[in-house]
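Visitor: Next come a sequence and a model predicted from it.
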Amino acid sequence: MNTTAKKTKSFPFYLLFAILLIGNFAFAQNAHQDSLIVKLNAATTQKQKGFFALMLAQSYMGENQSTALSYASKTLLYAQQAHADSLVGDALNTTGSIYYMNGDFDNARSFYLKATLAYQKAQSMKGRATSINNVGLTYINQGRYSEGLKYQFESLAIYDSIGNEKGIARSYNAIAVVYNELGKITKDSSNFSTALIFLKKCLLLSKKSNDELGYNNILLNLGNAFRSLNMFDSSQYYSTLALEMGRKRGDDVVISNALGNIADNYLSEKKYELAIENGEKALAIKTKIDDQLGMASVYIILSDAYKKTDRNKIAFEYIKLAYTLAVKAGAINEQAIAARELAKQQAEVGAYYEAFQMLDSYANLRDSITQKESKEIVQELKRFSDDDQKKQIELLTQKSQIAELKSNRQSLFLAFSVVGVILLLIGVILFYSRYKVKQRANKDLQIAYSLIEEKNKSITDSIQYAKHLQEAILPSSETVDRLFPDHFILYRPKDIVAGDFYWVEEFEGLIFFAAADCTGHGVPGALVSVVCSRALQGAVFQFHLKDPGKILDKATEIVLETFDRNKTNVNDGMDISLACWNPKTRELKWAGANNPLVYFIEDEMLILPADKQPIGRATNRKPFTTHHLKLDSATTLYLFTDGYADQFGGEKEKKFMHRQLLEVLQKIKTKHPSDQKNELVATFLNWKKELEQIDDVLVMGIKL
């Protein structure tokens, strides 16, 4: 009988259950890393070196991802030199799992697919099944369930053919997660019950095969399934059990996911302070291990809990971070949830234009999910119910059942007997669900429109105009990515529009880039930024200047001329850090107005001081100084405005200061650009907490 579950605010939590399915080797403990390095250095064959490098890659995973990737690359090199196809597969599979752990599912999937081919060449059925299973998990984590199911069924068939109960359990675990998510989409609780049947079966198989990690992950998914059924006591029981086992194993991934589940339970039960306590603990661990999609899920939970306790500023910051991380991972479900919540909060703070755009994004995301499920998931589930699959399931049931499971045998048989009828009903329900989702989205839009009419009949012409002007002067992400493949830009305006802006242009083989801070913020700052940006454009493209110091001198003339036309004695202008890069000769020229340039050559931090005068009106003005650098080795540059360092926060609510910013840059300089940006954002938010952002924030990091 189909019943509709009571509606709950349950967030889809990051799928942990196979994050460490990386081949045939177990993880080395951190205490053994020194020993493994000694063994690696002492190894006499390429294959032996590859084995120990692989063990090191796995041991560093979740602790130091860049080091883990480095050892995985060495493993691949040694394996290729030794013509060891199975080890090649292990290296590729491990690399995929490192990216998986960071929430970079597209890159992870690419390496898993390569691993599948290597295992096939090595005739390793177990390795091939593992990598195929992992491919399916990347799709499932992104909400692309039908594609994920195809790979899960393929891996299940291989695991079944070789009698690998551990692998069978993990494939069933993934299928159970899909059923759980399908239940949320269709509002049909029978899907949650089906998920529980699979999970209990998985639990038995994992216990029988001594798969402790798989057992822990199944406990977490049992907690999710029971929460979907509003059975919070059962959900808390399984989540707490997973937490205890994770602590016993010292597994930060399991611990953080268990804490996230517990926080989600407390949120559903309206115990908001307990939700925040456990959620912040989960977030701290996930930040430490750089589990970005996991961070997004926890940010969603915490944002809702903070919102319910009237801490709106931190709630708004957290939901924005959740949306950004979900978009980066390509996780449709988390994007949809974050988009809907972000739209509501944007409307509440008067950002109506952004709220409308976000609601439109939410409607499109939810519509794409329901379309996909109605057209493709049902087809894959039908495939799962074909005779061959039924025979495999029945054979596995006969082999693995014990007394505890025999009592469920008749109900399981009946469940598959009526699967055809259920699937037909699912098709109808999915189409109806799609209609209801659109209806809900339209209702949300109507609410947003009502708020707009109540609080402000229209967005003022000046803000709209300033916003368009602001967007027009910023370079496109495609341009910046093309010119600087390794970079990040942390840009957090205080208001809808900003006085800070970044500038990137290419002219006659040279690349100009800058971080600028114009007088003020909001609409006045944005208007000044337009004037200053056009001054830079004119100095380069109209006057053909290439020397940064001379460009700043000319920009000063243009700005003063612009502001003096009506003799109103305007004292606005900008501080700026401006560089000119010649990629062919690796020569860098730089000049600064009040803002310095910080750069690292290997581990050494170097700082070029700026001239103590702005672009604009100043007493005792001198020509700007151009500094020349020849960068023979890889160099990381940082350009920034004063908003980050001037932010008030900390225990004593004082300024962050440039000294602390330099310390952070020293710490993160070797990390991937996106990781550097995330750490800067996390540090900024942790410093300011609930205090208001006082100025626009801009930090650029570029590796040359």
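Guide: Received, thanks. Note that this is a predicted model, so its numbers are computed, not measured.
Visitor: Using the three-state scheme, assign the residue lying closest to Ala43 once chain neighbours are set aside.
Guide: In space, and not counting its chain neighbours, Ala43 is closest to Lys49: 4.4 Å by Cβ to Cβ, 6 or more residues apart in numbering. For every residue, glycine as well, the C-beta is placed using N, CA and C. Following DSSP: H, G, I helix; E, B strand; the rest coil, Lys49 is assigned to helix.
Visitor: Lys49: how many residues sit nearby?
Guide: A count of nearby residues for Lys49, using other Cβ atoms under 10 Å, gives 22.
Visitor: show me the contacts for it.
Guide: For Lys49, the contact set (Cβ atoms under 8 Å, 6 or more residues apart in numbering) comprises 40, 43, 74, 78.
Visitor: Can you tell me the SS state at the last one?
Guide: Spelled out, that is Tyr78. On the three-state scheme (three-state DSSP), Tyr78 is labelled helix.
Visitor: what's it in contact with, if anything?
Guide: 46-47, 49-50, 53, 87.
Visitor: The most centrally placed residue in the chain and Lys669, how far apart?
Guide: With distances taken as Cα atoms, centre = their mean, Leu325 lies nearest the centre of the chain, 3.1 Å away. Going from Leu325 to Lys669 by Cβ to Cβ, to the nearest Å gives 22 Å.
Visitor: next one: Ser86
Guide: Counting by Cβ to Cβ, the gap from Ser86 to Lys669 is 37 Å.
Visitor: Same check on Val531?
Guide: Taking Cβ to Cβ, one finds Val531 at 34 Å from Lys669.
Visitor: which of those two has more neighbours?
Guide: It is Val531, of Val531 and Lys669, that has more neighbours when counted by other Cβ under 10 Å, with 22 against 18.
Visitor: Just give the nearest non-adjacent residue to the more buried one, would you?
Guide: That would be Thr562: by Cβ to Cβ, 6+ apart, it lies 5.4 Å from Val531.
Visitor: Same check on Gly50?
Guide: According to Cβ to Cβ, 6+ apart, the nearest residue to Gly50 is Tyr78 (3.5 Å).
Visitor: next one: Ile332
Guide: Gly143 (3.5 Å).
Visitor: now Ile319
Guide: Per Cβ to Cβ, 6+ apart, closest to Ile319 is Ser303, 4.1 Å.
Visitor: in the strand or helix carrying the one you found, what's buried?
Guide: Using DSSP states H and E, Ser303 sits within helix 292-308. For helix 292-308, burial by neighbour count (16 or more other Cβ atoms under 10 Å) applies to 292-307.
Visitor: do stretch 310-327 as well
Guide: Under the neighbour-count criterion of 16+ other Cβ under 10 Å, stretch 310-327 has 311, 313-327 buried.
Visitor: now do stretch 486-505
Guide: Using 16+ other Cβ under 10 Å as the test for burial, stretch 486-505 gives 487-505.
Visitor: List the residues that contact Thr636.
Guide: 599-600, 669, 701-704.
Visitor: And what about it, helix, strand or coil?
Guide: Per three-state DSSP, Thr636 ends up strand.
Visitor: for the chain, which spans come out with low pLDDT?
Guide: For the chain, applying pLDDT under 70 flags the ranges 1-31, 186-187, 352-353, 355-356, 359-360, 362-470, 472, 520-523, 565-570.
Visitor: Now for the contacts of Thr636: which two are most distant?
Guide: Largest separation among the contacts of Thr636 by Cβ to Cβ: Lys669 and Leu704, giving 13.1 Å.
Visitor: Out of the buried residues of helix 292-308, name the two that are farthest from one another.
Guide: Gln292 and Lys307 (22.3 Å).
Visitor: returning to that earlier point: didn't the residue nearest to the centre of the chain look like it was pressed against Val298?
Guide: No. Leu325 lies out of contact with Val298 (Cβ atoms under 8 Å); the separation is 10.0 Å.
Visitor: for the stretch 1-150 of the chain, what spans make up the strands?
Guide: Taking DSSP state E, counting those that start in this stretch to define them, one finds no strands in the stretch 1-150 of the chain.
Visitor: Where does Glu651 sit: helix, strand or coil?
Guide: coil.
Visitor: That one: neighbour count?
Guide: So Glu651, with other Cβ under 10 Å, has 6 neighbours.
Visitor: Need phi/psi at it.
Guide: phi -60, psi -30 (degrees, to the nearest 10).
Visitor: ok, now Lys271?
Guide: The phi/psi pair for Lys271 (degrees, to the nearest 10) is phi -100, psi 80.
Visitor: Next, work out how far apart it and Leu665 are.
Guide: For Lys271, the distance to Leu665 - Cβ to Cβ - is 40 Å.
Visitor: neighbour count winner among the two?
Guide: Leu665 (20 against 16).
Visitor: can you confirm that one is in a helix?
Guide: Yes. Counting by three-state DSSP, Leu665 is located in a helix.
Visitor: and the closest residue in space to Lys208 that isn't next to it in sequence, how many neighbours?
Guide: Sequence neighbours aside, Glu165 is the residue nearest to Lys208 in space, at 6.1 Å (criterion: Cβ to Cβ, 6+ apart). Counted by other Cβ under 10 Å, the residues lying close to Glu165 total 19.
Visitor: Likewise for Asp106?
Guide: As a burial measure, Asp106 scores 12 neighbours (other Cβ under 10 Å).
Visitor: and what of Gln58?
Guide: Residues near Gln58, counting by other Cβ under 10 Å: 25.
Visitor: next one: the one 10 residues further on
Guide: Around Ala68 there are 22 other residues, counting by other Cβ under 10 Å.
Visitor: do the same with Glu273
Guide: By other Cβ under 10 Å, neighbour count at Glu273 equals 11.
Visitor: got it, and Ala242?
Guide: Ala242 - counted by other Cβ under 10 Å - has 28 other residues nearby.
Visitor: Over to Lys652?
Guide: Residues near Lys652, counting by other Cβ under 10 Å: 6.
Visitor: give me phi/psi at it?
Guide: Residue torsions, per degrees, to the nearest 10, at Lys652 are phi -100, psi 10.
Visitor: swap in Ile615?
Guide: phi -90, psi 110.
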